[in-house]
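>>> sequence below, structure please.
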Amino acid sequence: MSAPPLVASPRRHPADAPGGTRQRRRLIGLAVLLALLAVAVVASVSVGSRLIPPEQVWRSLVAPDGGEADAIVRSLRVPRTVLGALVGLSLGVAGVLMQSHTRNPIADPGLLGISSGAACAVVAGVFLFGVSSFGGQVPLALAGALVASTAVFALASGGRGPSPVTLVLAGAAMTALLSGVTSAIVLLDERSLEVYRFWRIGGLAGRPSDLLWQMLPVLAAGLLLALANAPGLNALALGDDVAAALGQRVRLTRAVGVLAIALLTGTSVAAAGPIGFVGLMAPHLARALTGPDHRWMVPYAGLTGAILVLLADVLGRVARGSGEVEVGIVLAVLGGPFFIAVIRRRKLVAL
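Numbers count the residues shown, from 1 in each chain. Predicted coordinates for the structure are as follows:
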C-alpha cells in the first residue's frame, strides 16, 4: 500500500502558538517593557539642562548632602518623572479602551469630548471665579472631563444602550459644543486666553509636587475599572449580539469602560494638559506585541504609553539646548507620521 502524500503544514502565526508558549512570550514581553521603562526613568532623572550621572542620582536619593544636584533630582526631576510615567500609563490604557469600545483604530481618549470638557471647565473657572492657581484648575478640569463623558454616554445610550457609532457621534457633537464655548470665553477674556494657551500645549514642567497625591486615587480607580473591563472587551469584539448571547451585560460593560476612560483621561488632562497621540500609538504597539487579548493589551499599552511620554520629555529637554520643547509638541511631531502609517496599513486598521 502506497504511503499517503505528504502535505506541507501551514506556517503558524505567533498568536496561534500553544497556550503555554504564548503565555511565556507575553510574560517575557512584559519584562522587556519594564526594563525599557526603567531605562526611560533613569534617562528622565539624569538628562536635562544639567547632566547628572546615574550614580550621582542614586546618591541624591539614598544619601543626600544638600547640594545643588540633590535639589534638582529630588525636587524637580523625580516628581516630573513620576508624573510623566503616570500620565503615559493612563493615556495608554485609556487608548485601548477607547479604540475597543468605539471599534475605531484611529480613536484616542479625547474622542468622547473629555479633553474639551476639561478645557472648557478650566477657562470657565478662570473667567467666572478668577481661579488662577494650578491647584485650583486641576479639580475643575477633572470635573469638566467627568461631566462631558457622562453627557456623551447619556446621549449615546438611547433606548438600547450606547453603540460604537452613537458613542463616536455623541462625542463629536459634545467636542464641537464645548470647543465653541471655550473659544467664546477666551475671545472675551484675555486672562482666560493666557491660561488656556499655557495649558493647551501639554507638558510636565512647572507642576506642583503635591499634584501626584491628588492624581493617585483617581488613577488607581480608573486602572482597576480598566482591568475589570478587559474581559468584557474580548466578548464585545465578537459583536454586541454575540456578547449578549454569551451572557455579557453589554450596557454595563460600556458604562464601566466609559467611566474608566473618563477617570484616566480626565486626570491626565487635568494634570498635564491634552497630550495627544499617546492614546493612539500605545494601543497599536501593544496589539502588535501581544495580540488582541485585552487582558494583556491593557498592561502592555500602559507601559508603552509611560515609555513614550518619558522618552518624548527627555527628547524635548535636549532638542533646543538651553531651552526645552514641551512633551505635547514632541509627541505631536512623532505621532503625525505614526498616524499616517496607521491609516495606510490595513493590518493595523482592522480591529
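>>> tell me which element the spatially closest residue to Leu259 that is not a sequence neighbour is part of?
For Leu259, the nearest residue in space outside its immediate sequence neighbours is Leu225; the separation is 6.0 Å by Cβ to Cβ, 6 or more residues apart in numbering. The C-beta positions use only the backbone N, C-alpha and C, and glycine is treated the same way. When secondary structure is defined using DSSP states H and E, the element that contains Leu225 is helix 211-236.
>>> Cys120 versus Gly130, what's the distance?
Gly130 is 17 Å from Cys120, where distance means Cβ to Cβ, to the nearest Å.
>>> nope, Ala69 is what I was after
For Ala69, the distance to Cys120 - Cβ to Cβ - is 42 Å.
>>> again, but for Ala107
The spacing between Ala107 and Cys120, counted by Cβ to Cβ, is 21 Å.
>>> next one: Val96
Using Cβ to Cβ, one obtains 26 Å as the distance from Val96 to Cys120.
>>> Ser100 now?
Per Cβ to Cβ, Ser100 is found 27 Å from Cys120.
>>> comparing Ala107 and Cys120, which shows the higher neighbour count?
The residue with the greater number of neighbours, taking Ala107 and Cys120 and applying other Cβ atoms under 10 Å, is Cys120; the counts read 27 against 24.
>>> wait, that one touches Ala145, no?
No - under the contact definition of Cβ atoms under 8 Å, Cys120 does not touch Ala145, with a separation of 9.7 Å.
>>> buried stuff in the host helix or strand of Val147?
When secondary structure is defined by DSSP H and E, Val147 falls within helix 134-157. Along helix 134-157, these residues count as buried under the neighbour rule (16 or more other Cβ atoms under 10 Å): 134, 137-138, 140-149, 151-153, 155-157.
>>> can you tell me the average pLDDT over it?
Averaged over helix 134-157, pLDDT sits at 86.
>>> and if you look at stretch 62-82?
pLDDT averaged over stretch 62-82 equals 88, rounded to a whole number.
>>> do stretch 252-261 as well
Averaged across stretch 252-261, the pLDDT comes to 91.
>>> what residues sit buried inside that stretch?
Thr253, Arg254, Ala255, Val256, Gly257, Val258, Leu259, Ala260, Ile261.
>>> for it, output the C-alpha coordinates as CSV.
Output for stretch 252-261, consisting of C-alpha atoms alone and laid out as CSV, is shown next (Å, rounded to 0.1, in the frame of the first residue of the first chain):
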residue,chain,number,x,y,z
LEU,A,252,-22.8,47.7,31.9
THR,A,253,-19.6,46.9,30.2
ARG,A,254,-19.7,50.0,28.1
ALA,A,255,-20.6,52.1,31.1
VAL,A,256,-17.6,50.8,33.1
GLY,A,257,-15.4,51.4,30.1
VAL,A,258,-16.5,55.0,29.6
LEU,A,259,-16.1,55.7,33.3
ALA,A,260,-12.6,54.3,33.2
ILE,A,261,-11.7,56.4,30.2
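>>> what about the nearest residue to Ala145 once chain neighbours are set aside, helix or strand, and which?
For Ala145, ignoring the flanking residues on the chain, the nearest one in space by Cβ to Cβ, 6+ apart is Gly266 at 2.9 Å. Assignment of secondary structure by DSSP H and E places Gly266 within helix 250-272.
>>> where does pLDDT dip in this protein?
Using pLDDT under 70 as the threshold, the predicted model of the chain has low-confidence ranges 1-19, 159-161, 320-322, 345-351.
>>> hmm, try it at 50
1-16, 348-351 (pLDDT under 50).
>>> isn't Gly276 right up against Leu111?
No - taking contacts as Cβ under 8 Å, Gly276 lies outside contact range of Leu111: 11.4 Å.
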